[in-house]
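In: Prediction below, plus the sequence it came from.
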Amino acid sequence: MKKRVVASLLTVAMVTSVMTGCGSSTETAESTETAESTETTENTEATADTGANVESVENADEITAMDESQLNGTTITFWHAMGGVNGEALDYLVNKFNEENEYGITVVSEYQGSYDDAINKLKSAQLGNMGADLVQVYDIGTRFMIDSGWIVPMQDLVDADGFDLSVIEPNIAAYYTVGDTLYSMPFNSSTPILYYNKDMFEAAGVEAAPTSFEEIKEVGDKLQSTGVEEVISLSIYGWFFEQFTCKQGLEYVNNGNGRDSYATAVSFDENGAALNILTAWKDLYDNGYAPNVGRGGDAGLADFSAGKSAMTLGSTASLKQILQDVNGKFEVGTAYFPTVVEGSEGGVSIGGGSLWALDNGDDVQKAATWKFVKFLVSAESQAYWNAQTGYFPVTTEAHTEQVFLDNIEQYPQFQTAIDQLHDSAPQYAGALISVFPEARAIVETEIENMLNNGVSPEDTVATLADQINASITEYNELNY
């Protein structure tokens, strides 16, 4: 694979992007600031079959098969974006590894702030000396990280070690897999679900949670007749737009959703996905069922927790926060993320983040990093992580751990998220584009404009396509 140096506008314009599915027991989603930079980065050319820009590590066998005594005294640096309760849970796991691992490895864990802060710090690092050996990156940074040329594909370490990837939830691993290569290891994963006020539903005589926007309309009048102020507090959030596309079984961008090769344009304008979403959304808004509650993943949660709205959409990782805020004032129900088109047979994509091994040219560091990654995705670690944060256990064997079983018994609402994950399929893993943070900001701005200023869904779709396509084209011209 021929290498070339390009002047890379690695700007993916990190504007108002929000940490996907990152709510936890005391932490809300964090809006990120604009952080654009122009750098010179060595990237490899994309392959036609996968669009991947990373060569396999030739000495991966040596990395994982080296004498473990060589690891003694090795220190690796781990950059992450988990604050609050999530950060405390991660610190516990890091400390446990440091105290109990038999290899003499020490992990130095460094909180970088938001996901955007972490990836922007990577961009300013010196190639070959990235400052970290392992970094946590949000889902929408996947295409960018593959393109960067900075990483050791996780698949190389998996294959060389003979690690059994079947223990990783297939519908989670699918997002981070391009072709036959798993580029990063899933770690903190979530999907969006519907939260509803069971007390309000019972008072209105509504027996089941709606599964579509049409059903939300059908129960809307019943709920409002009992004095419900808002039928659904629907946040204007780019992640939801992506999920509504997945639920239709349609693609967001071309070239196999950016998985057969790098995307060159959006598909949602031609396949009807965006028009279906915006038409249904505006209909709920125009009929008074879904007022504009603001932008961002957590925008609608406050109204729901305060008993103002009967329903909201949110990350599965927000469950404990919602239950804490509701504090027994009403019974919280959970249901599958709704579709905008009745009868759609698509699925949901995961959000959250994954673990990326960086190529700093030191085989011992890479081997030590792999040992730590395996610890983080072990059944015991993932059961603890799930119980403390609300993120999915990415390892199927975690479901047999007593910690996991106890957590499900205490919070039965979380079973909805697991069932929804298993009822989806890998083909609904979602899109990969390097300008996803910018695309999300564009989507949120234009949906807000549609609701506030009466712009038609058709015109909004055209604007979305024009702006996102321009960003994709600019990135591709500089990098491929």
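Out: Yep, that arrived. Because the structure is predicted, anything quoted here is derived from the model rather than measured.
In: what's next to stretch 445-464, contact-wise?
Out: 236, 241, 266, 268-269, 274-275, 278-279, 281-282, 285, 292, 295, 442-443, 467 (C-beta atoms under 8 Å, 6 or more residues apart in numbering). No exception for glycine: its C-beta is placed from N, CA and C like everyone else's.
In: Report the secondary structure state of P210.
Out: Look at P210: counting by DSSP: H, G, I helix; E, B strand; the rest coil, its state is coil.
In: how far away is it from N449?
Out: Separation of P210 from N449 (C-beta to C-beta, to the nearest Å): 27 Å.
In: Then K374?
Out: The value you get for K374 to N449, if C-beta to C-beta is used, is 47 Å.
In: From the centroid of the chain, which residue is nearest?
Out: Centroid check for the chain by C-alpha atoms, centre = their mean gives G351 as the closest residue, at 1.9 Å.
In: what bits of this protein have low per-residue confidence?
Out: 1-65, 126-128 (pLDDT under 70).
In: can you give me the strands in it?
Out: Assigned by DSSP state E, the chain shows strands spanning 3-9, 38-44, 75-80, 106-111, 134-138, 151-152, 177-178, 181-182, 185-190, 192-197, 230-233, 309-315, 332-335, 351-358.
In: Tell me which of those sits nearest to E169.
Out: strand 185-190 (7.3 Å; C-beta to C-beta).
In: Tell me, how many residues neighbour the residue nearest to I140 when sequence neighbours are not counted?
Out: Counting by C-beta to C-beta, 6 or more residues apart in numbering, the nearest residue to I140 once its immediate chain neighbours are dropped is F436, at 3.7 Å. Neighbour count for F436, taken as other C-beta atoms under 10 Å: 30.
In: Look up how far W385 lies from F436.
Out: The value you get for F436 to W385, if C-beta to C-beta is used, is 25 Å.
In: likewise L421?
Out: 16 Å.
In: The two: which is more packed in?
Out: Applying other C-beta under 10 Å to L421 and W385 shows that W385 carries more neighbours, namely 27 against 20.
In: so that one touches N188, yeah?
Out: Yes - taking contacts as C-beta atoms under 8 Å, W385 lies within contact range of N188: 7.4 Å.
In: who touches both of these two?
Out: Residues touching both W385 and N188 (C-beta under 8 Å, 6+ apart) are Y391.
In: Quickly list what I236 is bridged to.
Out: With beta bridges defined as DSSP bridges, I236 has these partners: R295.
In: For it, give me its contacts.
Out: Shown in contact with I236 (C-beta under 8 Å, 6+ apart): 292-296, 299, 444, 447-448, 451.
In: Among the residues you listed, which one has the most neighbours?
Out: With neighbours defined as other C-beta under 10 Å, the most crowded of the contacts of I236 is I447; it has 27 neighbours.
In: Now do that one against I472, distance only.
Out: Applying C-beta to C-beta, the value for I447 to I472 is 19 Å.
In: do S225 as well
Out: Taking C-beta to C-beta, one finds S225 at 47 Å from I472.
In: Neighbour count: the two, which is higher?
Out: More crowded of S225 and I472, by other C-beta under 10 Å: I472, with 23 against 11.
In: and the more buried one, what is it in contact with?
Out: By C-beta under 8 Å, 6+ apart, the neighbours of I472 are 253, 263-266, 433-435.
In: So which residues of the stretch 351-480 of the chain form helices?
Out: In the stretch 351-480 of the chain, the helices defined using DSSP state H, counting those that start in this stretch lie at 363-376, 379-389, 402-410, 415-423, 436-453, 457-479.
In: Mind giving me the PyMOL command for buried ones among the contacts of I472?
Out: With 16 or more other C-beta atoms under 10 Å as the burial test, the buried ones among the contacts of I472 are selected in PyMOL as follows:
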select buried, resi 253+263+265+266+433+434+435
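In: now, which of the contacts of I472 sits nearest V137?
Out: Among these, and counting by C-beta to C-beta, the member closest to V137 is S434, at 12.4 Å.
In: Correct me if wrong: that closest one contacts L478.
Out: No - counting by C-beta under 8 Å, L478 is not a contact partner of S434; they are 10.1 Å apart.
In: contacting residues around N287?
Out: 217, 220.
In: Return the backbone torsion pair for it.
Out: Note on N287: backbone dihedrals following degrees, to the nearest 10 are phi -90, psi 10.
In: Relative to E251, how far out is A265?
Out: 11 Å.
In: go on, L451?
Out: Counting by C-beta to C-beta, the gap from L451 to E251 is 25 Å.
In: on that earlier part again, okay, and the common contacts of A265 and E251?
Out: With C-beta under 8 Å, 6+ apart, A265 and E251 have no common neighbours.
In: Including distance to D363, could the contacts of I236 go into TSV?
Out: Formatted as TSV, the contacts of I236 follow (distance: C-beta to C-beta, whole Å):
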residue	distance to D363
N292	54
V293	51
G294	49
R295	45
G296	42
A299	46
E444	44
I447	48
E448	50
L451	54
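In: Between those residues, which sits nearest A310?
Out: If you rank the contacts of I236 by distance to A310 using C-beta to C-beta, V293 comes first, at 13.1 Å.
In: Contact partners for the closest one?
Out: For V293, the contact set (C-beta under 8 Å, 6+ apart) comprises 230, 233-236, 299-300, 303.
In: And P186, by the same measure?
Out: Neighbour list for P186: 168-169, 172-173, 175-176, 350, 352, 354-355, 377, 394 [criterion: C-beta under 8 Å, 6+ apart].
In: Who wins on neighbours among those residues?
Out: Greatest neighbour count in those, by other C-beta under 10 Å, goes to I350: 32 neighbours.
In: Now that one: closest residue in space, sequence neighbours ignored.
Out: Among residues not flanking I350 along the chain, S189 sits closest, at 4.6 Å (C-beta to C-beta, 6+ apart).
In: Does the one you found touch A173 like I think?
Out: No - between S189 and A173 there is no contact under C-beta under 8 Å: 9.7 Å.
In: Show me what counts as buried in stretch 471-480.
Out: 471-472, 475-476, 478-480.
In: residues touching the closest residue to L93 other than its chain neighbours, list them.
Out: Spatial nearest neighbour of L93, excluding adjacent residues (C-beta to C-beta, 6+ apart): S381 at 5.6 Å. Contact analysis of S381 by C-beta under 8 Å, 6+ apart lists 93, 96, 375.
In: what about the second one, neighbour count?
Out: Yep, that's K96 we're talking about. Number of residues near K96 (other C-beta under 10 Å) recorded here: 14.
In: do the first one as well
Out: Neighbour count for L93, taken as other C-beta under 10 Å: 21.
In: if we can go back for a sec, mind picking the two most distant members of the contacts of V293?
Out: E230 and I236 (14.4 Å).
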